[in-house]
Each structure stands twice: as C-alpha cells, then as structure tokens.
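**Q** got a sequence here, can you build the structure:
(one chain, ligands or ions: 2)
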Amino acid sequence: MPATFTKSALMLSLMLGLGQAHAAQTDVNALAAAHGIPHPAVIAHRGASFDAPESTAASYKLARDLGADYLEMDLQRSKDGVLFALHDNNLQRTTDVATKFPERKDSPATAFTMAELKTLDAGSWYNKAYPDRARPTYAGLKILTLDEIIDIAQANPKHKPGLYIETKEPQLFPGIEHDLKEKLHDRGWLSPAGSKLAKSELGVGQGKGKVILQTFEKNSLELLQKEMPQVPKILLLWVGEGSIEPKSKVTFSESGEKDKNVFYGKQEPKSEAEFKQWVDFAKAQGAIGTGPSAKLTKGGDQSYSDLVQPWMNQYTHDQGMLVHVYTVDEPVDFEKVMAAGVDGIFTNRASELLKFYKRPAAASVDQVLKNNGF
Ligand code: G3P
Ligand code: CA
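**A** Numbering: from 1, shown residues only. Ligands and ions are numbered 1, 2, ... in the order given. From the prediction side, this is the model:
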C-alpha cells in the first residue's frame with residue numbers, strides 16, 4: 001500500500017462517502033477489505049455450474065465445499081410469492097416443463113406456483129447437454145428456493161460462502177427488492193457481522209460482505225439501495241439495450257454475423273464518457289462496484305463486449321469502486337482479466353479459479369460431488 005494513502009485513510013474516506021482516491025493511490029485490497037469482500041473474489045456463477053446442473057443443490061453444494069467465496073444466483077418469484085433461483089425467463093432450457101406442463105411450456109416461471117415448480121426435473125437437461133459430465137444422480141434435481149440456498153450456504157461447518165444475489169428481470173416482479181430484504185432479515189443475513197464471527201477464517205458468509213446484491217437495472221439498484229442501504233451492491237454492465245449505449249447502431253440481424261456472441265464481442269461503448277456515466281450512476285446510487293462483461297478468448301455464449309479494459313477498471317477504481325467481471329472459465333482469460341485489474345470473477349468453474357488464485361480445494365470435484373451424494 002502506498003505510504004501516501006493508508007488503509008485507515010481509505011476506511012475514513014469510505015465512511016465519509018468520499019471514495020475519491022486517486023488512481024495511483026487506490027489500494028483495492030483495502031477497498032475490498034473495508035466492505036468485507038475477499039480480494040480477489042471467487043463468485044460461483046449459478047453454483048459450480050460447469051460441473052453440475054446450474055442453480056441446483058448439486059452445483060451450490062459443490063461450490064460451497066470447493067471453497068468459493070460466493071454462491072451466485074438469479075432471483076425470481078413464484079406465482080404464490082416464493083423467492084427462488086432461475087436464470088432464464090422461462091423453464092424450457094433447464095427443466096422438463098414441456099413434458100409436465102406442455103400447454104404452459106413458454107410461460108414465465110412466475111406463472112407457476114412453487115408446488116408446481118417443485119414437480120420439475122432441473123437436472124436431466126444437463127446430462128443430455130453434457131454427457132461427458134453427466135451423473136445419474138443429477139436426474140430429478142429440483143429448482144431451489146432462496147431459503148434452501150441459504151440452508152446450503154450455512155451447512156458446511158468448515159466453510160461458509162456468502163450470497164451474491166441478482167434481481168433478474170426485476171420489472172417482472174414488482175416489490176422483489178422488498179421481499180428479498182424481508183427474507184434476508186428473517187434468516188439473519190442482514191444483521192451486522194458479530195466481531196468474533198467476522199474475524200473467523202470460516203469464509204465470507206460470516207462477515208460484513210456476506211451478501212452482495214447485483215442487478216443490470218438502474219431502477220432495481222435504486223430500490224435495493226432504499227431497502228438495504230448497508231448491503232454492498234454491484235451494477236452489472238453490458239453494451240446493448242437497457243445498458244451502455246453502443247458505438248454502432250447496426251443490429252445483430254443487420255450485421256450479417258451468424259453468431260450472436262461474435263456480434264456482442266464487437267460491441268463497444270459509444271464513448272469513454274458513456275462508459276464513465278454508468279460507473280458514476282452506480283456510485284451515485286450507492287453501489288460499491290460494477291459487474292462488467294468480458295470478451296472471452298474462445299468466444300462462446302458467455303462472451304460479450306470487453307468492458308474490463310485497463311482504463312475502464314482504473315476509472316472504476318478511481319471512484320473507490322470494485323470490479324467483478326462475468327463470466328470467465330478459462331485460465332487464459334483469468335490471466336487476462338486479472339492483468340487488466342479486476343477484483344473478482346464470476347465463474348462456472350470455481351475449482352479452476354481457486355487453483356488459479358492458489359487457493360486449491362482440498363478435494364477434487366468428483367470427490368466433493370460424491371461426498372454430497374452425487
Ligand atoms: O450476474 C452476473 C452474471 O451472472 C450476469 O449474467 O446472464 O449469467 O445472469 P447472467
Ligand atoms: Ca446472474
């Protein structure tokens with residue numbers, strides 16, 4: 001840490017809401033520590049979702065027991081008001097809804113009660129999609145409620161991950177920010193970290209940064225800030241409709257590209273000022289950082305615009321904010337985004353990222369899955 005900007009000076013500026021550290025003076029380790037967030041952070045995207053069906057008990061238990069810092073989830077709400085984890089707008093890709101509810105297969109998940117959602121098989125699709133990683137025990141896995149994910153996060157006495165919760169398409173779920181606050185409060189996840197627990201080595205789930213809230217939506221960020229001002233928040237960023245305005249107005253269909261992700265990879269912010277304006281908005285609304293997209297070396301359906309260029313990360317750090325990039329799975333890209341200055345990574349491959357950060361899990365993926373009955 002530079003002698004000119006001590007940790008206590010940074011803490012003081014954060015407490016005063018200043019956060020105007022200079023580029024050369026920002027100490028990102030101290031910044032993360034002030035929020036109780038590991039640096040760099042391992043954020044298990046929909047759990048350890050490379051090795052097990054996303055957002056299920058298998059993927060979250062695996063991520064937890066490998067030692068990930070956070071269990072990431074996309075939050076939705078059932079017809080009868082139960083909060084649960086699902087990424088897509090409907091159930092087709094990751095469940096057998098087309099077999100169980102053929103007339104409603106295209107309906108949003110919010111059109112189903114939790115009892116109906118619990119009849120769905122959220123694991124077999126994975127065995128078909130990834131036969132090389134399939135396990136018979138994945139068949140019949142259930143969609144999980146937020147309560148059940150909290151139970152998983154709390155259940156390993158040796159490692160307690162935090163929760164990294166996204167309000168997914170929040171306009172479809174009016175009041176979900178309030179519902180989330182109630183649930184986290186009821187489960188004791190909004191109480192200030194006890195000093196004894198916060199100092200323990202059990203993991204981020206015991207400390208000040210045990211919950212991070214994330215959203216792509218400006219409006220939801222404002223609502224999250226209103227409901228839970230003390231909880232760290234991240235504004236997710238990408239280039240496209242509803243987020244950062246692109247330089248080119250050419251649409252995907254006009255572009256002639258065959259692969260949507262090649263198209264996305266070529267998108268860039270309209271201007272430097274446009275990028276900065278989004279970071280500034282996030283800060284003004286109380287976010288402690290941003291969650292930008294990355295362009296991946298091998299492409300693929302998680303490769304988007306490169307929003308982790310060094311000047312972008314530097315600007316964000318200059319505002320006293322952290323950068324957690326999504327969603328990176330390969331060592332070549334871990335290397336690249338870390339060199340560009342990010343402070344944590346959303347990954348489907350928690351085991352690989354932990355290895356990269358020289359915090360390898362004590363047991364193999366296979367062993368952890370077996371330990372958990374998979
Ligand atoms: O939440 C960060 C990252 O998960 C955003 O992308 O579409 O996977 O939710 P998505
Ligand atoms: Ca997400």
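
**Q** going forward, measure contacts between C-alpha atoms and count neighbours the same way
**A** Will do.

**Q** list the residues that contact residue 125.
**A** Remark: with contacts taken as C-alpha atoms under 8 Å, 6 or more residues apart in numbering, residue 125 is in contact with 93, 94, 95, 96.

**Q** try 6 Å this time
**A** Contact analysis of residue 125 by C-alpha atoms under 6 Å, 6 or more residues apart in numbering lists residue 94.

**Q** got a pLDDT number for it?
**A** As predicted, residue 125 sits at a pLDDT of 98.

**Q** now do residue 12
**A** With respect to pLDDT, residue 12 scores 46.

**Q** now do the one 10 residues further on
**A** The predicted local distance difference test score for residue 22 is 44.

**Q** next one: residue 194
**A** On pLDDT, residue 194 comes in at 53.

**Q** which residues sit in contact with residue 221?
**A** By C-alpha under 6 Å, 6+ apart, residue 221 has no neighbours at all.

**Q** okay, and it sits in which element?
**A** Element membership of residue 221, judged by DSSP states H and E, is helix 218-227.

**Q** quick one: whichever helix or strand comes after that helix to helix 218-227, angle?
**A** The C-terminal neighbour of helix 218-227 among helices and strands, as given by DSSP H and E, is strand 233-237. If you take axes from the mean of the first three to the mean of the last three C-alpha atoms, to 10 degrees, strand 233-237 sits at 180 degrees to helix 218-227.

**Q** re the thing from before, give me the mean pLDDT for the helix holding residue 221.
**A** What helix 218-227 shows for mean pLDDT is 98.

**Q** pull out the buried positions in it.
**A** Buried residues in helix 218-227, defined by neighbour count with 16 or more other C-alpha atoms under 10 Å: 218, 220, 221, 222, 223, 224, 225, 227.

**Q** you'd agree residue 139 is up against residue 122?
**A** No: using C-alpha atoms under 6 Å, residue 139 makes no contact with residue 122, being 7.5 Å away.

**Q** those two: who's more crowded?
**A** Between residue 139 and residue 122, counted using other C-alpha atoms under 10 Å, the more crowded position is residue 122 (27 against 16).

**Q** what's the nearest residue to that one if we skip its chain neighbours?
**A** What sits nearest to residue 122 in space, not counting adjacent residues and going by C-alpha to C-alpha, 6 or more residues apart in numbering, is residue 95, at 4.5 Å.

**Q** what about that neighbour, neighbour count?
**A** Other residues within reach of residue 95, judged by other C-alpha under 10 Å, total 24.

**Q** where's it, which helix or strand?
**A** Per DSSP H and E, there is no helix or strand for residue 95.

**Q** residue 191 too?
**A** If you go by DSSP H and E, residue 191 is not part of any helix or strand.

**Q** residues near it, how many?
**A** By other C-alpha under 10 Å, 12 other residues sit near residue 191.

**Q** which one is it nearest to, not counting chain neighbours?
**A** Spatial nearest neighbour of residue 191, chain neighbours left out: residue 185 (7.2 Å); criterion: C-alpha to C-alpha, 6+ apart.

**Q** wait, a helix at that neighbour?
**A** Yes: per DSSP: H, G, I helix; E, B strand; the rest coil, residue 185 lies within a helix segment.

**Q** what kind of secondary structure is residue 214 in?
**A** The three-state label given to residue 214 by three-state DSSP is strand.

**Q** for it, give its distance to residue 61.
**A** Residue 214 sits at a distance of 21 Å from residue 61 (criterion: C-alpha to C-alpha, to the nearest Å).

**Q** try residue 169
**A** Applying C-alpha to C-alpha, the value for residue 169 to residue 61 is 26 Å.

**Q** neighbour-wise, which of these two wins?
**A** The neighbour comparison of residue 169 against residue 61 (other C-alpha under 10 Å) goes to residue 61, with 24 against 18.

**Q** nearest residue to that one in space, please, no chain neighbours.
**A** residue 152 (6.4 Å).

**Q** what's the pLDDT at the one you found?
**A** In this prediction, residue 152 carries a pLDDT score of 98.

**Q** that one is in what secondary structure piece?
**A** Using DSSP H and E, residue 152 maps to helix 146-154.

**Q** kindly report the same for residue 32.
**A** Assigned by DSSP H and E, residue 32 belongs to helix 28-35.

**Q** after that helix, which helix or strand is next?
**A** With elements assigned by DSSP H and E, the helix or strand that comes after helix 28-35 is strand 41-44.

**Q** please identify the buried residues of that following strand?
**A** 41, 42, 43, 44.

**Q** likewise stretch 173-185?
**A** Judged by neighbour count using 16+ other C-alpha under 10 Å, the buried positions of stretch 173-185 are 173, 176, 177, 179, 180, 181, 183, 184.

**Q** where does the closest residue to residue 374 other than its chain neighbours sit: helix, strand or coil?
**A** The shortest distance from residue 374 to any non-neighbouring residue, by C-alpha to C-alpha, 6+ apart, is to residue 137 (5.3 Å). Assigned by three-state DSSP, the conformation of residue 137 is helix.

**Q** okay, now residue 137: neighbour count?
**A** Neighbours around residue 137, by other C-alpha under 10 Å: 15.

**Q** may I have the predicted confidence score for it?
**A** Residue 137 is assigned 98 on the pLDDT scale.
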